[in-house]
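J.: Give me coordinates for this.
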Amino acid sequence: MENSKKIFIIEDDPFYSALLHSFLKLKGYRDIHVFSKGTEALQQLEEQPDLILIDFDLGDSAYPGKRVLQEIRRINEQIPVIFISGQKSIHEAIQTLKFGAMDYIQKSDHTLERLDRKINELFHPTSVLTSMDIQKKNKRHKFFMGGIFFILALGISISYM
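T.: The predicted model follows:
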């Protein structure tokens, strides 16, 4: 099922941005834009993305993810922003939420599962699904998500050989 939502990914790690892009494509999203720098995404913000996924650090001390979020909020307060980061600091996670992020997902083996849940909450209101349906769906997809992560990682590493 193809989904018409526009999603921006702001991630400086090419492997991880490819992983997120591939995951979203598997979920039916086709209008996905990948940026390695926050400033690049900010220049395209007039395209009105339905969701922005952003890394905390971005490898850019002048424009780290938190600053990019502040600029996004200055331009448009309505765009949902989810941080996906390797940062383990609770303080940093809380700061991003205070600045208006929808969520902060720490990079781990469960990242794609948590991201899938958040996107479903955002784009497919849970009022349509009962909590039992959600639990069943999560159990079925738990194994699926781990397999996707492994297959994507393997495929990307093979393509770089």
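J.: Roughly how far does Leu19 sit from Asn120?
T.: According to C-beta to C-beta, to the nearest Å, Leu19 and Asn120 sit 19 Å apart. C-beta coordinates here come from the backbone N, C-alpha and C atoms, glycine included.
J.: What of Phe99?
T.: 24 Å.
J.: cool, and Ile94?
T.: For Ile94, the distance to Asn120 - C-beta to C-beta - is 24 Å.
J.: got any ranges where the protein has weak pLDDT?
T.: Across the chain, the ranges flagged by pLDDT under 70 are 1-2, 126-161.
J.: where do the strands sit along it?
T.: 3-10, 29-35, 51-54, 81-85, 103-106 (DSSP state E).
J.: any idea which residue sits dead centre in this structure?
T.: Leu53 (3.5 Å; C-alpha atoms, centre = their mean).
J.: Could you report the separation of the closest residue to Ser4 other than its chain neighbours from His124?
T.: Residue nearest to Ser4 in three dimensions, not counting chain neighbours: Asp31, with 6.7 Å by C-beta to C-beta, 6 or more residues apart in numbering. Distance, Asp31 to His124, by C-beta to C-beta: 17 Å.
J.: For the chain, just list every one of the helices.
T.: According to DSSP state H, the chain carries its helices in the segments 14-26, 38-43, 65-75, 90-98, 111-123, 131-159.
J.: Distance from the chain centre to the second one, please.
T.: Read it as helix 38-43. Chain-centre distance of helix 38-43: 16 Å, with C-alpha atoms, centre = their mean, to the nearest Å.
J.: circling back to that earlier point, Asp31 and His124: which is more packed in?
T.: Between Asp31 and His124, Asp31 has the larger neighbour count (other C-beta atoms under 10 Å), namely 15 against 11.
J.: right, and the more buried one touches Ile7 too?
T.: Yes: applying C-beta atoms under 8 Å, one finds Asp31 in contact with Ile7, separated by 6.9 Å.
J.: so what's the residue nearest to the centre of the chain bridging to?
T.: Bridge pairing for Leu53 (DSSP bridges) gives the partners Ile9, Ile82.
J.: what sits against it?
T.: Residues in contact with Leu53 (C-beta atoms under 8 Å, 6 or more residues apart in numbering) are 7-11, 20, 81-84, 115.
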